[in-house]
Structure formats: C-alpha cells, structure tokens
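> Take this sequence and fold it.
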Amino acid sequence: MRKWRLAILFSTLLLSSCDELFNDDNDFFLSEETIIEGLKEALVVGTDSATNQLSLTNGYYGNAALKILLPPEADIIVNNISLIPGGDILIENIILGINRSAEDAAKEVAPIFVSAITSMTIMDGLSILNGTNDAATTYLKNNTYSDLFGLYQPKLQTSLDKKLLGNVSTNSLWSDLVSQ
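Numbers count the residues shown, from 1 in each chain. Below you'll find the predicted structure:
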C-alpha cells in the first residue's frame, strides 16, 4: 500500500512545476507543502475511484472482501434456513439486497472523504507518510466515521425500502424470511 501511495505521490509531483522541485543549488528538493498537496491529490483520486467503483452494480456484492453479510444476530436463521424449501435463496436475496442498498448509498460518500482530505494538516500528512501501512485508512476512519454513519444510516434505510431487486425491497425480503 505504501509503495502505491508513493508512486501516486511521485507521479503527481512530476507534474508540478520544476522550480518547486529544485532549490537554488539545483539539489532535488520538495517542500513539505508540496508533498502534502501530492498526498491529498492522491487520496482524492483514490476516493473518487473507490466510490465510483462501489456505487456500481456488484461494487460490494461482487467483491468478496467488501461484500456485506448478515450480522451475527441472524446466525440462528442462517444456520437453520436450509430446513425451509427455498430458504437458502431467501438468505442470498437478502444479502444481495443489502449489498445493492449499500451500492446505491455509496454514490453520496465522496464529499465526506474529500472534506477530510482537504482539511488535512501538514502534521496529519507527515503522520500518514511516516506512519504504518494503514495510516491513511486510520486517518480517514477517524475523520469520516461520524459523517459517514450520519449519511449512510438514513440513506441505507431508504435504499433498503427501494425495490432494487425486481419489484421487491430488501426490507420486504427480510420480512418474508423472518415470517418463514
């Protein structure tokens, strides 16, 4: 991950003007400000790319690492559903519906990430550059969690009520499953 960040940072910096890259002695020089601006730009590009990808059909559902499954509270149902004819299909439809709802809600998250990135200080940027491999993730989590929860919770609820699977909503599927 760090190599990827550094490659993007380096590419961004190459596009900067040459006077910023060299000092008066013609030694290679990058100011902290230039480095942080490159980091911010890389994070914004990554955020745009990720949110665009997540908001596509199968953005969540088609990615095993991101696919949203049922919570542990549903294990009793999941573990016994095969006793009901068509039960496994009910579970899969609910998981598909939850993921479609998340994909629908993902269209709105980029501004939250961009705000966190653009408000990054030089100290934050240096902490990310010199930190652990997950330093950028930790920074974004710490600076976006509340806003993302506030955005996702009502939007996800609205998406769960939308008829995203044919003519059926995820909440309807869940009600059918629980009643079975």
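> those helices in the chain, which residues are they?
In the chain, the helices defined using DSSP state H lie at 2-14, 18-21, 32-54, 75-80, 87-105, 110-118, 122-130, 135-161, 170-179.
> Out of the ones you listed, which gets nearest to residue 67?
Residue 67 sits nearest to helix 87-105 of all the helices of the chain, at 6.2 Å, using CB to CB. No exception for glycine: its C-beta is placed from N, CA and C like everyone else's.
> Give me the buried positions along the closest one.
87, 90-91, 93-105 (16 or more other CB atoms under 10 Å).
> so who does residue 147 touch?
Each residue near residue 147 by CB atoms under 8 Å, 6 or more residues apart in numbering is listed here: 112, 115.
> Kindly apply the preceding question to residue 70 instead.
Per CB under 8 Å, 6+ apart, neighbours of residue 70: 77, 78, 91, 94, 95, 98.
> Pull out the buried residues from stretch 50-59.
50, 51, 54, 55, 59.
> sorry, back to before: may I see the helices of the chain arranged in a markdown table, with distance to residue 65 and mean pLDDT as well?
Converted to a markdown table, those look like this (distance: least, CB to CB, whole Å; pLDDT from 0 to 100):
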| stretch | distance to residue 65 | mean pLDDT |
| --- | --- | --- |
| helix 2-14 | 16 | 41 |
| helix 18-21 | 37 | 42 |
| helix 32-54 | 12 | 87 |
| helix 75-80 | 20 | 82 |
| helix 87-105 | 13 | 84 |
| helix 110-118 | 19 | 88 |
| helix 122-130 | 22 | 87 |
| helix 135-161 | 13 | 84 |
| helix 170-179 | 21 | 75 |
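> So which of those is the most surrounded?
Of all these, helix 87-105 carries the top mean neighbour count, a mean of 20, counting by mean count of other CB atoms under 10 Å.
> quick one, it and helix 32-54 angle?
Helix 87-105 runs at 140 degrees relative to helix 32-54, counting by axes from the mean of the first three to the mean of the last three CA atoms, to 10 degrees.
> residues making contact with helix 87-105?
54-61, 67-70, 77-78, 81-82, 84, 151-152, 155-156, 158-160, 162, 164-165, 168-170, 173-174, 176-177, 180.
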